[in-house]
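Q: this is a predicted model, with the sequence first.
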Amino acid sequence: MFKRGLLAFAAFLALSVGAQAEEHLGTVSFANSCKPELAADINRGVSLLHNFWYAEARPQFERILKADPSCSIAHWGIAMSSFHQIWERPNDKTMAMGAKQMKAANAKPAGSERERAYVAALTRFFKPGKADYQTRIDAYAADMGKLAARYPDDVDAGAFYALALLATSPPGDTTLDSNKKAMAVLEPLWRAHPDNPGLVHYITHACDTPTMAAQGLAAAKHYGEIAPSGPHSAHMPGHIFSRLGMWAEDIAANQASITASADAETHHLNGWMDQFHSDDFLVYAYLQSGQETQAKTIAQNSEKAIQHFASMPEMAPDDHMSGMYAYYRAKLPIFIALETRNWPEVIAVAYDQSAPPTSQLQIAWAHAIAAGHIGDREESKRALAKFDDLLDAVRKTSFAYMAQGSGVTLRRNEMLAWQAFADKDAAGAAKYMREAADLQDKVGQGEVDIPAREMLAEILLETGHPSEALAEYKQALTLSPNRFNGLYGAAKAADAAGDKAAATDYYRALLKSAGASQRAEIAKAKAFLG
C-alpha cells in the first residue's frame, strides 16, 4: 500500500503545484502578493488549513515556496500547518520550526500590510522565549482580532480569529464564553460567505457541546456538502449529528470521511490518520442505533489498519503517533464492551506499558466502571490507583497540561462513584456521580462518551430510587438524545416508578432508534409493548 501510494504521490508531484480537478475543499479567495499564477495554489493551501488537513497543507505551501521563493505568506502557511490550536499545544520541536519559518517570512516582507499583519500575529506566537502557552495564544487571538477588524472584507481573517478564540479557552473553563464569542464572529460572516470552509468548520467546533449543538446543525450539514474531499471536513458534520442523536446521518458522514481518507492515501500519502477518528464515531453511532455487528467489524478493521501502518518502517511513529495507535487500539473495544455492558470484557482490556500514559488513562477509567458494576472492590481500587499513577506520568511529559482541568476532575469523580458503588455505598456513589454530571453539564460531554448523568440515573435506579432515576435519565437524554442505554434505562425507571405511559414512550423510542439490535434489551422492550 505504501509503495502504491508513493508512486501515486510521485505522479501527483509531476503535475502542477495546484490540486486535482475533482477536489472539493470549499471556496477561498485569499488575496496575496505572490506570483499571480500561484493564486489558486495559495487558495488551496488556505482551504487545507481551514479543513485541518495539515499533513497536506504543509507540502502545498512548500511547493508554493519552491515556485516563488519570495512568497512570504508561504512561510506563514508552513508554520500554520503545525499550529493545531484547539487540540494540542505545540512542543519544543514545533515551536522551533514555527520560529524558523516566521524568521524567514520577516526576512522577505510581504507586499501588503494585511499579509504582514498575518505574519506578525504568528511571529508573536512563535517568538522564542519563556512565555507560556496561554499568554501566547491570548496574544495571538488579540492580534487576529485586530486584523479582522481592520480588514472586515477578509473573511479568512475573521475565520482564523474565531478559531483562535476557541483556542484561548483555558483548562477547566466551564463558561463556554470562548465558544459564544467565536459564534458572534462566525455567524454573520457565514451568512455572507456560505461556502467558506473555515466558517462552517469553526461553527461546528464552536457548537460541539450539548447545549449548543442545535445551533451548529445547518452549518455542519453544509460543511459536508462543500468540502467532501477532505477526510476531516467530511467527518466534521458527525460531531453535531452525534450530539443530536442523528445516527444515520452520523454514520453517513463518517463513512464519507473514510472514503476520503482512502482517496487521500492514493493521491497524497496522508489523511489516513483521520480514518481512526472516524472509526471512533462510527463505532459509537452503530452501537447507539443497535448495529453491534457493524461496530465490531469497524473495530476489527481498525486494528488491522493500525497494525499495517505501525509496521511500516517508513511510518515509524513518534510519541504522538504511537500514542494515537495505542489510544484507538484500546478505545474501540472498550466502548463496544462498555455500551453492550460486557463488564469482564472491559476489564480484560490490558494496559500497554510501551504506550504514552495519555493513551492509557481511558483503560483505568473503563476498568473502574466495569468493576463497580460487578461489585469488584479491589479492581475498582486498582483502577483508581493506576489512573493516579498515569496522571503523575503525564505530568512529567510535554503533555502535562492534559493532567489538569475539569476533564480530569470529572473522570476521577466518575471512578470514585463506581468505587463507592462497589463498596455498596449508595449515597457516596450518587454524590460523586452527581458532582461529575453537574460539571459535565457545564463543560460539555466528550465527543463519543458515556454521559455522567446517565450513569447517575443508573446508580439511582439500581439503589432503589426509580423516580429520581427517571428525572436524571430525562435530563441525560435531553443533552445526549437517542442513546441506547439512556432510552432503555429511562423505560426501566419509568416502569419501576409506576409510570407505564412514559415507559411505553421510551421503549417505543428505543425500538425506533435501535430496533435492529440483537441485544436482550430489545426483546424486553418488545415484550413490554406486547
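A: Perfect, I can see it now.
Q: report the contact partners of Lys180.
A: Applying C-beta atoms under 8 Å, 6 or more residues apart in numbering, we find Lys180 in contact with Ala206. (C-beta placed from N, C-alpha, C; glycine too.)
Q: tell me the secondary structure at it.
A: Classification of Lys180 using DSSP: H, G, I helix; E, B strand; the rest coil returns helix.
Q: state the pLDDT value of it.
A: The model reports Lys180 with a pLDDT of 96.
Q: show me where the protein dips below the pLDDT cut-off.
A: Scanning the chain with the threshold set as pLDDT under 70 gives 1-21, 267-273, 312-322.
Q: so the residue nearest the centre of it is in which element?
A: In the chain, the centroid-proximal residue (C-alpha atoms, centre = their mean) is Glu447; its distance is 6.0 Å. Assigned by DSSP states H and E, Glu447 belongs to neither a helix nor a strand.
Q: outline the domain layout of this structure.
A: Domain assignment of the chain by automatic domain parsing yields the ranges 25-176, 357-529.
Q: redo those domains as TSV? Include distance to Ala299.
A: TSV is the format used below for the domains of the chain (distance: least, C-beta to C-beta, whole Å):
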stretch	distance to Ala299
domain 25-176	23
domain 357-529	13
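Q: neighbours around Gly224, how many?
A: By the criterion of other C-beta atoms under 10 Å, Gly224 has 22 neighbours.
Q: and the gap between it and Ala218?
A: Here Gly224 is placed at a distance of 11 Å from Ala218 (C-beta to C-beta, to the nearest Å).
Q: show me where the stretch 401-530 of the chain has helices.
A: For the stretch 401-530 of the chain, helices defined by DSSP state H, counting those that start in this stretch occupy the ranges 406-422, 426-443, 452-462, 466-479, 484-496, 500-514, 520-529.
Q: out of those helices, which is closest to Leu199?
A: Evaluated over those, closeness to Leu199 peaks at helix 426-443, with 24.7 Å, by C-beta to C-beta.
Q: mind listing what's buried along that closest one?
A: Buried residues in helix 426-443, counted by 16 or more other C-beta atoms under 10 Å: 426, 429-437, 439-441, 443.
Q: angle of it against helix 466-479?
A: 20 degrees (axes from the mean of the first three to the mean of the last three C-alpha atoms, to 10 degrees).
Q: can you list the helices and strands that helix 426-443 packs against?
A: Counting by 3 or more C-beta pairs under 8 Å, 6 or more residues apart in numbering; DSSP states H and E, the packing neighbours recorded for helix 426-443 are helix 406-422, helix 452-462.
Q: and the first one, what's buried?
A: Applying a neighbour-count criterion of 16+ other C-beta under 10 Å, the buried positions in helix 406-422 are 406-408, 410-422.
Q: ditto for the last one
A: Across helix 452-462, burial judged by 16+ other C-beta under 10 Å covers 452-462.
Q: nearest residue to the residue nearest to the centre of the chain other than its sequence neighbours?
A: Using C-beta to C-beta, 6 or more residues apart in numbering and skipping the chain neighbours, the partner closest in space to Glu447 is His239 (6.3 Å).
Q: ditto for Val200
A: Nearest residue to Val200 in three dimensions, chain neighbours excluded: Tyr223, at 3.9 Å (C-beta to C-beta, 6+ apart).
Q: same question for Ala141.
A: Of all residues not flanking Ala141 in the chain, Ala164 sits nearest, at 3.8 Å (C-beta to C-beta, 6+ apart).
Q: tell me who's in contact with the one you found.
A: Contact analysis of Ala164 by C-beta under 8 Å, 6+ apart lists 85, 137, 140-141, 144-145.
Q: try it again with 7 Å
A: Residues in contact with Ala164 (C-beta atoms under 7 Å, 6 or more residues apart in numbering) are 85, 137, 140-141, 144.
Q: among those residues, which one lies nearest to Lys331?
A: The closest of the contacts of Ala164, once distances to Lys331 are taken by C-beta to C-beta, is Gln85, at 23.3 Å.
Q: if I read this right, that closest one contacts Ser169, doesn't it?
A: No: contact criterion C-beta atoms under 7 Å: Gln85 and Ser169 do not qualify, at 10.6 Å.
Q: picking up where we left off before, please give the element, helix or strand, for the residue nearest to Ala141.
A: Applying DSSP H and E as the criterion places Ala164 in helix 155-167.
Q: pull the CA atoms of that helix into CSV?
A: Output of helix 155-167 as CSV, limited to C-alpha atoms (Å, rounded to 0.1, in the frame of the first residue of the first chain):
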residue,chain,number,x,y,z
VAL,A,155,-13.4,36.5,5.6
ASP,A,156,-10.4,34.3,6.3
ALA,A,157,-9.1,36.7,8.9
GLY,A,158,-12.5,36.5,10.7
ALA,A,159,-12.4,32.7,10.5
PHE,A,160,-8.9,32.4,11.8
TYR,A,161,-9.8,34.9,14.6
ALA,A,162,-12.7,32.8,15.6
LEU,A,163,-10.5,29.7,15.7
ALA,A,164,-8.0,31.5,17.9
LEU,A,165,-10.8,32.5,20.3
LEU,A,166,-11.8,28.8,20.6
ALA,A,167,-8.1,28.0,21.4
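Q: what residues of it count as buried?
A: 155-167.
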